[in-house]
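# When you get a sec, could you give me coordinates for this:
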Amino acid sequence: MSELLLMLVDDAVFAGIAAFGFALLFNVPRQALLACVLFAASAHAVRSLLLHLNVPIEWASFIAATLLGLATVPWSRRVLIPRPVVTVAAIIPMIPGVYAYKTMTGLMTLHHQGYSATLQQQVVENGLLTIFILIGLSFGLAIAPVLVYRNKPIV
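As a prediction, this is how the structure comes out:
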């Protein structure tokens, strides 16, 4: 149990550091920097916990992004800062850079070394995983405005 808690804290700290860097890069207002760090850390920790519980990474990313989007709605109303100011910087640490990198290096290897069925399978798997994680993140963030800011009933 303590090993899981240590892993979640470690994951949250480094996600918060990455979000802080991106928030500075995007000129996020000073009063929203801490919120970017905390939202990113908590969303990344939720995703890591779900991955530890054997939830596929696509669904874990979707659930974490949805919770991030829903959590930032009351915060943005209270502090009068638009939601995307915080959610964009907070979601970036969950972008699947490793899978995208493996896809691109695999494509380059296929181009330079020729066809290999195993390598093609790895390229397709990593590419699809990258696409599905990005779709999960974007749909997860898009759910909050659809549910909260909607004037008509859903059903």
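
# Please, where are all the strands along the protein?
Along the chain, counting by DSSP state E, no stretch forms strands.

# ok, the residue nearest to L134 when sequence neighbours are not counted - contacts?
Among residues not flanking L134 along the chain, P96 sits closest, at 6.8 Å (C-beta to C-beta, 6 or more residues apart in numbering). (Each C-beta comes from the backbone N, C-alpha and C, glycine too.) Residues touching P96, when contacts are defined by C-beta atoms under 8 Å, 6 or more residues apart in numbering, comprise I57, S61, L129, T130, I133, L134.

# Per-residue pLDDT of G69, please?
In the predicted model, G69 carries a pLDDT score of 93.

# Correction: the previous question concerned V13.
The per-residue confidence score, pLDDT, reads 95 for V13.

# in the protein, which helix has the most residues?
helix 117-148 (DSSP state H).

# Next one: the residue nearest the centre of the chain relative to S76, how far apart?
In the chain, the centroid-proximal residue (C-alpha atoms, centre = their mean) is M94; its distance is 3.0 Å. Plainly put, M94 is 19 Å away from S76 if you go by C-beta to C-beta, to the nearest Å.

# Helices of this protein, start to end?
Per DSSP H, the chain has helices spanning 2-25, 33-52, 57-79, 83-91, 97-113, 117-148. These are given in chain order.

# Of those helices, flag the one that's most buried.
Each of the helices of the chain was scored by mean neighbour count; the highest is helix 83-91, a mean of 23, by mean count of other C-beta atoms under 10 Å.

# If you compare the directions of it and helix 33-52, what angle comes out?
What separates the directions of helix 83-91 and helix 33-52 is an angle of 50 degrees, with axes from the mean of the first three to the mean of the last three C-alpha atoms, to 10 degrees.

# Quick one: list the elements packing against helix 83-91.
helix 2-25, helix 33-52, helix 57-79, helix 117-148 (3 or more C-beta pairs under 8 Å, 6 or more residues apart in numbering; DSSP states H and E).

# would CSV of these with distance to H111 be doable?
As requested, the helices and strands packed on helix 83-91 are arranged in CSV below (distance: least, C-beta to C-beta, whole Å):
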stretch, distance to H111
helix 2-25, 31
helix 33-52, 32
helix 57-79, 27
helix 117-148, 11
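
# Fine by me, thanks again.
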